[in-house]
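Asks: Below are the sequence and a predicted model for it; my questions follow.
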Amino acid sequence: MKYDSDEQIIKAKLSTIKTPEYDIATEVNRKLKQKSSIINKKKPLRIAIVTCFCLMVSVGALAATVPSFNKIVSKVSPDIASILQPIEMTSEDNGIKMEVVAAYNDDEMAVIYLTMQDLIGDRIDESLDLYNYTLSEGVLFNSQIIDYDEETKTATLRLQANGGEKINGKKLSFTVKSFLSGSFVFDEVETGINLTDIEDVSSQTIPLNIEHVSGASGTMFDSWEEQGTIQVLKGDKMNISLPQIDFMHISNIGYIDNKLHIQTKWVGDGIDDHGYFYFTDAENNPLEIHPSTVHFGIDELGKTMDRGDYIEYVFDLEGIDPKEVFLKGYFVSNERYTKGNWKTKFKLQSVNPEKEAECNLDFETWKLDCIQVSQIGVTLLGMGEYDEENSLQVQVNMIDGTEQDIELSTSFSQNEKISLKYLSNAPLDSKMVESVSVNGKLIKFD
Amino acid sequence: MEANILDESFSTGGEYELECAIELYGQPLLRYCHNILCDYHKAQDAVQETFIKAYNKRNSFKKGHSLSTWLYSIAYNTCMDILRKRKLLFFIPESNKNTEDTSTDFISGDLKEALLKLTGPERALIFSRVIDEKSYKELEMIYRVPAATLRKRYERAKNKLMKALEKENSYYKRLEES
């Protein structure tokens, strides 16, 4: 290969990187053996004895003296600690204590750290998943467990809410009504289904009124709504079970109007058993083929009804060679569903003020008209239809001449209102931000 | 075992074929992951994960295809997963992040700073072209992106890295001078 002068410099630089050799084979063998023993391990069923019902809300004391806030602070980097606000609000119900410990925010987004502790049983574990919860501001929520202390049966969660308006200084109400725990995740489930085997089978169908379904999703939904009544597969013509999965099975599979339909029947007790099918290529790379889904029931006469345990996954496989793709599954089952009423109210105020600049940038399908910079990152606000394929390059230019590339974290749109949040890797000192470049176009702050 | 024989036997082979694959491609893949992740310990994890995935999915590897290309493709996706997870862990308690490799024993501080100005895919592309000297045809197979697009991305990444290296150099020069 011929190198130009830049490549020669880069090659010389990269050649200085030391990558010491080590015994990969031993480590791989050890992990392979370890993995096979983990797969077979099943968690014992744990039954929680609920003995009391009480609801208590208490206001936290001074943050600096409260251990739970200090615990969170001690775990985060100094940068984050500097913008973290103590909340320290607890609520206890059904023998479980919830504590909203700390948070940080800007006008559009809030990140909340909370703990859930089971005081009387074993209902909180490392698979805790909030099920029914609300924050009075924001519309796009994401919660993840970030720590679990087995000794105190306490889980720490991080909740992110986007799409709020003027969160700063507002009183927020956070409520948890139920959560799931004891979950099992089954990924890369081999269905063993060969699409070429079902290619020519003409499927028996039944009509389904799309206005009377219990749920539907995906890109085909609009056309289904236009049609009013669609055809789904006749129920329970097959019973194809999947390895290790006893809470659902494939109840029929076939083609309708050149689209692959996979009908599943969910027979487990779990309130939120869920999952999806996907395709991989021969090298096990997941392919960007997403199903549309419709949820419905089937009565004793074999007719569809709005409630029930069937989900039909519909794939448009036009242009896909059935011999080249492999059908896999991802499924989740939960052992426990715990209800209660854990509610707190608190106020958030970000540490640094925000900067805002109006602009008028046209991106064909939408217009950007406002940029906000906060300690968390940059928010682009606009109107139109956001095109996820054409992401924007955003760079923050500081007064001292340095630049920071930031990456898109969440995009949110509702009624043509678009909000794009670009997060910085460390808190931004908004006072020091001079301008923001969007796809090379400079927007200055006064 | 020679590469072309392994290309034929890996999909139906067992532990012996896995060991041969590790012997042939283990260290080059480790260097590749190290350059993408800029973290030696995470690169160790990535390369182990690559071979575990390849072994578990060996039935889906087509006989006679390039095992090397397949492994690089898996390694690349594994590294991207690691980088995505790191991004997801943004702003969460430090104890839950896998400890960042702050050591400069493996990559000098200024070079690491400059490399981290690039995205993971950009670092992968730079390494594949400049150090591994892979052709665009082979890269097309690994990254599943047309060669023309890869060419453009490579030029952009190269310019970005040069700019970053110049900046780092001038910063250190200033430090030395002061």
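Replies: Yes, it's here.
Asks: which residues does the closest residue to A:Leu287 other than its chain neighbours bridge with?
Replies: Once flanking residues are discounted, A:Leu287 sits nearest to A:Phe279: 4.6 Å by CB to CB, 6 or more residues apart in numbering or on different chains. In short, each C-beta sits where N, CA and C put it, glycine included. Residues in a beta bridge with A:Phe279, per DSSP bridges, are A:Leu327.
Asks: gap between A:Phe279 and A:Tyr22?
Replies: 36 Å (CB to CB, to the nearest Å).
Asks: likewise A:Glu99?
Replies: The spacing between A:Glu99 and A:Tyr22, counted by CB to CB, is 43 Å.
Asks: Can you tell me the number of residues neighbouring residue 71?
Replies: As the question left the chain open, I've gone with chain A. 18 (other CB atoms under 10 Å in any protein chain shown).
Asks: Not quite, go with chain B.
Replies: If we define neighbours as other CB under 10 Å, then B:Leu71 has 27 of them.
Asks: So it lies in a helix, does it not?
Replies: Yes. Counting by DSSP: H, G, I helix; E, B strand; the rest coil, B:Leu71 is part of a helix.
Asks: Now that it has come up, it's in contact with B:Ala54, right?
Replies: Yes. The pair B:Leu71 and B:Ala54 qualifies as a contact (CB atoms under 8 Å) at a distance of 5.9 Å.
Asks: Which neighbours do those two have in common?
Replies: B:Ala21 (CB atoms under 8 Å, 6 or more residues apart in numbering or on different chains).
Asks: Settle it for me: which of A:Phe279 and A:Tyr22 has more neighbours?
Replies: A:Phe279 (22 against 14).
Asks: for that one, what are its contacts?
Replies: A:Phe279 neighbours (CB under 8 Å, 6+ apart): A:286-287, A:289, A:315, A:320, A:325-328.
Asks: Export those residues to CSV and append columns for neighbour count and pLDDT.
Replies: Shown next, in CSV, are those (neighbours: other CB atoms under 10 Å in any protein chain shown; pLDDT from 0 to 100):
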residue, neighbour count, pLDDT
A:Pro286, 13, 84
A:Leu287, 13, 87
A:Ile289, 15, 89
A:Phe315, 23, 95
A:Ile320, 15, 89
A:Val325, 18, 92
A:Phe326, 21, 93
A:Leu327, 22, 94
A:Lys328, 19, 93
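Asks: which one among these gets closest to A:Gly401?
Replies: A:Pro286 (42.3 Å; CB to CB).
Asks: Hmm, the closest one is touching A:Val325, no?
Replies: No. Under the criterion of CB under 8 Å, A:Pro286 makes no contact with A:Val325, lying 10.5 Å away.
Asks: Next, show the common contact partners of those two.
Replies: With CB under 8 Å, 6+ apart as the test, A:Pro286 and A:Val325 both reach A:279-280.
Asks: circling back: could I get the contacts of A:Phe279 as JSON lines with distance to A:Leu130?
Replies: Output for the contacts of A:Phe279, formatted as JSON lines (distance: CB to CB, whole Å):
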{"residue": "A:Pro286", "distance to A:Leu130": "27"}
{"residue": "A:Leu287", "distance to A:Leu130": "31"}
{"residue": "A:Ile289", "distance to A:Leu130": "30"}
{"residue": "A:Phe315", "distance to A:Leu130": "31"}
{"residue": "A:Ile320", "distance to A:Leu130": "37"}
{"residue": "A:Val325", "distance to A:Leu130": "35"}
{"residue": "A:Phe326", "distance to A:Leu130": "34"}
{"residue": "A:Leu327", "distance to A:Leu130": "31"}
{"residue": "A:Lys328", "distance to A:Leu130": "27"}
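Asks: what about the closest residue to A:Asn258 other than its chain neighbours, neighbour count?
Replies: Once flanking residues are discounted, A:Asn258 sits nearest to A:Glu318: 7.0 Å by CB to CB, 6+ apart. Counted by other CB under 10 Å, the residues lying close to A:Glu318 total 7.
Asks: How about the secondary structure of A:Glu318?
Replies: coil.
Asks: got it, and A:Asp79?
Replies: Under three-state DSSP, A:Asp79 comes out as helix.
Asks: For the stretch 101-250 of chain A, which segments count as strands?
Replies: Residue ranges of the strands in the stretch 101-250 of chain A, as given by DSSP state E, counting those that start in this stretch, are A:110-118, A:129-135, A:140-149, A:154-162, A:171-190, A:205-209, A:215-217, A:229-233, A:248-256.
Asks: Next: chain B.
Replies: Counting by DSSP state E, no segments of chain B form strands.
Asks: Then the stretch 301-446 of chain A?
Replies: A:304-316, A:326-347, A:355-362, A:366-373, A:377-384, A:394-398, A:403-414, A:417-423, A:433-438, A:441-444.
Asks: Tell me which other helices or strands the fourth one touches.
Replies: In this structure, strand A:366-373 packs against strand A:355-362, strand A:377-384, strand A:433-438, with contacts taken as 3 or more CB pairs under 8 Å, 6 or more residues apart in numbering or on different chains; DSSP states H and E.
Asks: residues near A:Asp23, how many?
Replies: 10.
Asks: One more: A:Glu354?
Replies: 16.
Asks: care to break the chain down by domain?
Replies: Picked chain A for this. Chain A breaks down by automatic domain parsing into domains covering A:56-185+A:339-347, A:200-321, A:355-444.
Asks: that's the wrong chain, I meant chain B
Replies: B:1-98, B:108-178.
Asks: Return the most buried member of these.
Replies: domain B:1-98 (a mean of 19; mean count of other CB atoms under 10 Å in any protein chain shown).
Asks: can you give me the helices for chain B?
Replies: B:3-9, B:15-37, B:40-56, B:67-88, B:109-115, B:120-130, B:136-143, B:147-177 (DSSP state H).
Asks: related to what we said a few turns ago, tell me which of the helices and strands packed on strand A:366-373 sits most buried.
Replies: The most buried one of the helices and strands packed on strand A:366-373 (mean count of other CB under 10 Å) is strand A:377-384, showing a mean of 21.
Asks: tell me, what residue is most central in chain B?
Replies: When CA atoms, centre = their mean is applied to chain B, the residue found nearest the centroid is B:Cys33 (3.2 Å).
Asks: tell me the contacts of that one?
Replies: B:Cys33 neighbours (CB under 8 Å, 6+ apart): B:42-43, B:46-47, B:50, B:75, B:78-79.
Asks: how far away is it from B:Tyr55?
Replies: 17 Å.
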